[in-house]
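Visitor: With the input below, show me the fold.
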Amino acid sequence: MGLHVRGSGLPDEAPIELWVVDGHISTEPVDDADTVFDGGWILPGLVDLHCHIGLGEHGGVELDEAIVQAETERDVGVLLVRDCGVPIDTRSLDDRDDLPRIIRAGRHLALPKRYVPGFAVELEDESQLPAAVAEQAQRGDGWVKLIGDWIDRQVGDLAPLWSDGVLKEAIDIAHAHGARVTAHVFSEDALPGLLNAGIDCIEHGTGLTDDTIQLMLDHGTALVPTLINIENFPGIADSASRYPVYAAHMRDLYTRSNGRLSAAREAGVPIFAGSDAGGMIRHGRVAEEVEALKGIGMSRTDALGAACWDARRWLGRPGLDHGASADLLCYSQDPRESVGVLSRPDLVVLRGKLFRPNR
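Guide: This next block holds a predicted model:
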């Protein structure tokens, strides 16, 4: 016997009626289906575009902890994750039909002492980047993650890790392997080389300028700003007293971030929601990221779309389509109203299985 749900969909607010049978959505009636939701709002499962399942504050975690992280995401409605770099192998989670689907980016790629210890594959020399990208393209699920900039302790400030020619070669190789590339970037200087090399996405992007916003438009590059993580910049600066130039730079990036990210939105750069959960950010906070996107000028519907139907379309994953995996959420209240509503779905349907999160 199947399941049946009825309510209103978004973004068009049109009436919607769906059936679930054998783990898939049917838009055609199914006999003897059990109506489990009638009246309210029905959405595809939420997406966290920057979420590290398997990563903790000090690096990789045990698989049991990664499972708890995934369950936390599921219970707030995140049913699809783009994992932007993790040092452990989480592929065994794919066999679990009670956990979100994960789109992996392999491991972060960095140079020695140019990223958080224990997080990345640290290459001895930048000339190794193209081969490392090819390896991670095969390890991931269509994505590769670069560290675009980090503090260079010899200069005492944020600085790019890679030269322009190496970036171009590496990103071309990723594309030849059918993978897209994204990069961690805080500052201004790393952006032109990455964008001119054809990178597909920028994470954080606090150092955007008018010129690099234009480059993003020219190349069709997307942005995942991780706004709730940017709130950590002042604390990072406070802890970096040994590097006063870097600390001042981080404070300046924080002060200007909303204005710069708002300018990117106004220009038409595609923006998606990512919490950066794992490491400094606890899991289950994508609703807060959706709320923060309103602070850079996104409407409440567009902000939700950045973590839902628009995000799924950008990743090439279905929404509430006939025959798609039955990954959907039901809300008695409009999920655009508040963080509290969005993060507490009344029903979660994942691969056709019904969950009623603790409320």
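
Visitor: burial of D22, as a residue count?
Guide: 9 (other Cβ atoms under 10 Å). Just so you know, the C-beta spots here come from the backbone N, C-alpha and C atoms, and that holds for glycine as well.

Visitor: likewise R356?
Guide: 11.

Visitor: What separation is there between the closest residue to H322 other than its chain neighbours and T72?
Guide: With Cβ to Cβ, 6 or more residues apart in numbering as the criterion, H322 has its nearest non-adjacent residue at 4.4 Å, and that residue is T27. Counting by Cβ to Cβ, to the nearest Å, the gap from T27 to T72 is 31 Å.

Visitor: Which one's more surrounded, those two?
Guide: Between T27 and T72, counting by other Cβ under 10 Å, T72 is the more crowded of the two (17 against 13).

Visitor: which SSE is that one in?
Guide: Here T72, judged by DSSP states H and E, is contained in helix 63-75.

Visitor: neighbouring contacts of that helix?
Guide: The contact list for helix 63-75 (Cβ atoms under 8 Å, 6 or more residues apart in numbering) reads 48, 51, 53-54, 56, 61, 81, 88, 90, 92-93, 96, 98-100, 102, 277-278, 283-284, 286, 348, 350, 355, 357-358.

Visitor: Quick one: the helices in the chain, in order.
Guide: 63-75, 129-139, 164-176, 191-196, 210-219, 227-230, 233-238, 244-267, 286-294, 300-305, 309-315, 339-342 (DSSP state H).

Visitor: Comparing these, which comes out most buried?
Guide: Of those, the one with the most neighbours on average (mean count of other Cβ atoms under 10 Å) is helix 286-294, at a mean of 24.

Visitor: how far does that helix sit from the chain's center?
Guide: 12 Å (Cα atoms, centre = their mean, to the nearest Å).

Visitor: And it, what does it pack against?
Guide: When contacts are defined as 3 or more Cβ pairs under 8 Å, 6 or more residues apart in numbering; DSSP states H and E, helix 286-294 packs onto strand 46-48, helix 227-230, helix 300-305, helix 339-342.

Visitor: what do you get if the cut-off is 10 Å, keeping everything else the same?
Guide: Where contact means 3 or more Cβ pairs under 10 Å, 6 or more residues apart in numbering; DSSP states H and E, helix 286-294 is packed against strand 46-48, strand 78-83, helix 227-230, helix 244-267, helix 300-305, helix 339-342.

Visitor: Save the ones you listed as CSV, and put in mean pLDDT and distance to A14 too.
Guide: As requested, the helices and strands packed on helix 286-294 are exported to CSV (pLDDT from 0 to 100; distance: least, Cβ to Cβ, whole Å):
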stretch, mean pLDDT, distance to A14
strand 46-48, 98, 20
strand 78-83, 98, 22
helix 227-230, 98, 30
helix 244-267, 98, 26
helix 300-305, 98, 13
helix 339-342, 97, 20
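
Visitor: quick revisit: could you check the distance from the residue nearest to H322 over to L18?
Guide: 6 Å.

Visitor: Residue ranges in this structure under the pLDDT threshold?
Guide: 358-359 (pLDDT under 70).

Visitor: Got the domain ranges for it?
Guide: What the TED database lists as the domains of the chain is 3-43+318-355, 46-315.

Visitor: picking up where we left off before, please name whichever of the helices of the chain is nearest to D34.
Guide: Among the helices of the chain, the nearest to D34 by Cβ to Cβ is helix 63-75 (21.4 Å).

Visitor: List the contacts of I228.
Guide: 273-277, 280-281, 285-286, 288-289, 291-292 (Cβ atoms under 10 Å, 6 or more residues apart in numbering).

Visitor: Can you pick out the most distant pair from the residues you listed?
Guide: Going by Cβ to Cβ, the pair spanning the contacts of I228 furthest: M280 and E291, at 18.6 Å.

Visitor: can I assume S26 is in contact with V5?
Guide: No: the criterion here is Cβ atoms under 10 Å, and S26 misses it with V5 at 11.2 Å.

Visitor: Next, show the common contact partners of those two.
Guide: L18, W19, V20, A33, A326.

Visitor: and the second one, how far is that from E28?
Guide: Separation of W19 from E28 (Cβ to Cβ) stands at 7 Å.

Visitor: Kindly report the same for the first one.
Guide: From L18 across to E28, the span is 10 Å (Cβ to Cβ).

Visitor: shared neighbours of the two, which are they?
Guide: Shared contacts of L18 and E28, counting by Cβ under 10 Å, 6+ apart, come down to H322.

Visitor: and those two? which has more neighbours close in?
Guide: Using other Cβ under 10 Å, the more surrounded residue of L18 and E28 is L18, with 24 against 8.

Visitor: Could you list everything the more buried one pairs with in the sheet?
Guide: V5 (DSSP bridges).

Visitor: check contacts around it.
Guide: Neighbours of L18 in contact, by Cβ under 10 Å, 6+ apart: 2-7, 9, 25-28, 30, 33, 37, 42, 320, 322, 326, 328, 349.

Visitor: Now the buried members of the residues you listed.
Guide: Neighbour-count burial (16 or more other Cβ atoms under 10 Å) is assigned, among the contacts of L18, to 2-7, 9, 25-26, 30, 33, 37, 42, 320, 326, 328, 349.

Visitor: out of the residues you listed, which are inside strands?
Guide: Counting by DSSP state E, the part of the buried ones among the contacts of L18 found in strands is L3, H4, V5, R6, G7, G9, I25, S26, F37, I42, L328, V349.
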